[in-house]
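Trainee: Next one to model:
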Amino acid sequence: DLSYLPDPTGQVRIASRLDDKSGKRIFLFRKGPDQPFEELKRLDALKDPAFEPLGFGADGTLYVASNHESDKIAIYTYDIATQTFGQKVLSDPQVDMGGAVMERGTVIGFSYVQDMPVRVFLDPQTQRLQEVLDKAIPDSREILLERTKDGRFTLLASFHPALPTIFRLFDSQTKQLMPFADT
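Mentor: Modelled structure (predicted):
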């Protein structure tokens with residue numbers, strides 16, 4: 001099992017490999033595209049706390065998912081140079097965190113599931129949009145999926161506990177929410 005994680009420029013910066021026989025997971029890192037890979041971390045997949053690199057932020061921050069502080073997986077920043085966990089970015093005492101929301105190769109937020117899917121964005125303006133749209137339709141959870149480069153249109157999935165998922169298009173200029181497709 002081999003996986004790769006690029007930085008926002010598309011250059012592979014982290015690789016991981018799971019050795020099925022030993023149960024060891026090895027993470028490799030390289031400083032730049034012409035640099036060699038160096039070992040970042042070696043873990044016993046069955047005994048050690050979870051450690052999963054999720055992606056890089058626009059400023060180069062590496063975000064990882066880990067349960068090294070509790071039984072639930074939280075999201076942290078991670079300092080590659082010192083190999084230490086930084087700030088806890090997102091956690092919930094009831095559920096595991098762990099999904100990164102990517103836009104053009106950059107981590108812009110995180111996703112997890114409670115009773116329905118949840119997305120939390122790093123950018124306060126995008127987070128406010130998420131909250132406003134989520135309140136716009138009662139008894140439903142609106143999840144921002146994609147935005148046009150200019151930010152005018154946003155595709156979202158509308159989840160309801162008893163209805164099929166509906167896709168909607170939000171026009172930020174007209175403030176209209178339009179049906180797009182359903183499942």
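
Trainee: quick one: the spatially closest residue to Phe170 that is not a sequence neighbour from Met178, how far?
Mentor: Nearest non-adjacent residue to Phe170, counting by Cβ to Cβ, 6 or more residues apart in numbering: Thr154, 4.5 Å away. Where you see a C-beta, it was placed from the backbone N, CA and C, and this is true even at glycine. Thr154 sits 11 Å away from Met178, taking Cβ to Cβ, to the nearest Å as the criterion.

Trainee: what is in contact with the two at once?
Mentor: Counting by Cβ atoms under 8 Å, 6 or more residues apart in numbering, the common neighbours of Thr154 and Met178 are Leu169, Phe170.

Trainee: Specify which residue of these two has the higher count of neighbours.
Mentor: Thr154 (21 against 10; other Cβ atoms under 10 Å).

Trainee: pretty sure the more buried one is touching Ile143, no?
Mentor: No: between Thr154 and Ile143 there is no contact under Cβ atoms under 8 Å: 10.5 Å.

Trainee: For Ile14, what is the enclosing helix or strand?
Mentor: strand 12-19 (DSSP states H and E).

Trainee: Can you list the neighbours in contact with that strand?
Mentor: Contacts of strand 12-19 (Cβ under 8 Å, 6+ apart): 1-7, 24-30, 33, 37, 40, 45, 53, 56, 62.
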